[in-house]
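Engineer: only geometry, no sequence info:
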């Protein structure tokens, strides 16, 4: 089976962006959930820190995902306008 990489390049790039955003969200939420879980165990509370830190994880993950999206959009705009902001 021969794959035409040039034909599928934009599809593959979009897939990697979606996977990156999804993993970013999951990572932030899972990390904050774990911190809340351990705090609840340590302090003997029943889920208050899990709830608080999970909400913080959702907010933090959304913030990081938003910044990644804006960076991708900025890079595409720069390429379309012929600007190259890379430092060599």
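Structural biologist: Thanks, I have the structure now. What you see is a predicted model, and the numbers here were worked out from it, not measured in a lab.
Engineer: middle-most residue in the chain, spatially?
Structural biologist: Nearest to the mean C-alpha position of the chain, by CA atoms, centre = their mean, lies residue 24 at 2.9 Å.
Engineer: right, and that residue touches residue 68 too?
Structural biologist: Yes - taking contacts as CB atoms under 8 Å, residue 24 lies within contact range of residue 68: 6.7 Å. C-beta coordinates here come from the backbone N, C-alpha and C atoms, glycine included.
Engineer: any idea which helix or strand comes after the lengthiest helix in the chain?
Structural biologist: In the chain, with assignment by DSSP state H, the single longest helix is helix 5-43. Downstream of helix 5-43, the first helix or strand assigned by DSSP states H and E is helix 48-80.
Engineer: low-scoring stretches of this protein, by residue?
Structural biologist: For the chain, residues meeting the criterion pLDDT under 70 lie at 1-3, 5, 83-88.
Engineer: run the last query once more with 80
Structural biologist: Where the chain drops to pLDDT under 80, the residues are 1-9, 79, 82-88.
Engineer: Please report how far the residue lying closest to residue 64 once chain neighbours are set aside lies from residue 58.
Structural biologist: Using CB to CB, 6 or more residues apart in numbering and skipping residues adjacent in sequence, the residue nearest residue 64 is residue 24, 5.4 Å away. Distance of residue 24 to residue 58, given as CB to CB, to the nearest Å: 12 Å.
Engineer: And residue 80, how far from residue 33?
Structural biologist: 40 Å.
Engineer: Looking at those two, which is more packed in?
Structural biologist: More crowded of residue 80 and residue 33, by other CB atoms under 10 Å: residue 33, with 18 against 8.
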